[in-house]
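Trainee: Quick one: sequence plus predicted model below, questions after.
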Amino acid sequence: MPRETCSTCKRPLKVCYCDTLVAIPSRIRVLIIQHPLEERHPFNTGRMAHLCLTNSDLVVAEHLSDVRLAQLLQPRSALLYPSLDWLPDVAEVLPGSPESDALEQLVVIDATWRKSKKMLHLHPMLQYLPRVSFEGELHSGYRIRHSSMENSLSSIESIALAMDALEPAGSFRQLYRPFERMVSLQLELTDTKSSGEFPSADSRRGRN
């Protein structure tokens, strides 16, 4: 018999985190472009961020036509992504700068690192957007999923950190509430299965 799932967060009912969802307004619109594999992943933090951000869009696609992407992008948009060597050298949007104050949209790619690179290669328009990135050592609370890239964050952690810097008057740290609840519930479930109280019939995937 299929497990009952929540229609909002898409999680099994016993690990539903919807009681911790928040509604956060923002001046900057957040556009989340999600790889189709992430839509089906049990730990879908891109959807979680969309559920909490009242000024956000979630688009599920590995590849968008130039026409469709141009329709989605605001005139003053920036891409949330590390400034890696293989990407074009573009302007950095720094918190508190005139560019930051004028920013209309933050574009986020919700995918594994490998898939996000492929999505950027498929969308040169995104590569040449001004970029928002982080410096220094980052600490993730994503203890239930692993990344292939060191010093990385989940999508919702990245959005919270970026939006908190770009709009300091906002309440974007509240995004951690459902995230931490999901992680806690999953760890409790894993511990319960490990103790033998329930048979460990299913396993959880890690980030590629």
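Mentor: Noted; the coordinates are in hand.

Trainee: Mind listing what's buried along stretch 53-73?
Mentor: By neighbour count with 16 or more other Cβ atoms under 10 Å, stretch 53-73 contains the buried residues L53, S56, L58, V60, A61, L64, L69, L73. Yep, even glycine has a C-beta here, placed from its N, CA and C like the rest.

Trainee: Sort out for me which of those residues are in helices.
Mentor: Using DSSP state H, the members of those that fall in helices are L69.

Trainee: With distance to P42 and pLDDT added, can I get the buried residues of stretch 53-73 in a markdown table?
Mentor: Output for the buried residues of stretch 53-73, formatted as a markdown table (distance: Cβ to Cβ, whole Å; pLDDT from 0 to 100):
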| residue | distance to P42 | pLDDT |
| --- | --- | --- |
| L53 | 21 | 98 |
| S56 | 21 | 98 |
| L58 | 17 | 98 |
| V60 | 16 | 98 |
| A61 | 20 | 98 |
| L64 | 25 | 98 |
| L69 | 28 | 98 |
| L73 | 30 | 98 |
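
Trainee: nearest to M125, of the buried residues of stretch 53-73?
Mentor: Nearest to M125 among the buried residues of stretch 53-73 is L69, at 5.6 Å by Cβ to Cβ.

Trainee: For that closest one, give me its contacts.
Mentor: L69 makes contacts with H123, M125, L126, as judged by Cβ atoms under 8 Å, 6 or more residues apart in numbering.

Trainee: any idea how far R3 is from the most centrally placed residue in the chain?
Mentor: Central residue of the chain (Cα atoms, centre = their mean): S155, 2.2 Å from the mean position. Distance of S155 to R3, computed by Cβ to Cβ, to the nearest Å: 24 Å.

Trainee: got any ranges where the protein has weak pLDDT?
Mentor: Flagging of the chain using pLDDT under 70 yields the residue ranges 1-2, 136-139, 141-151, 191-208.
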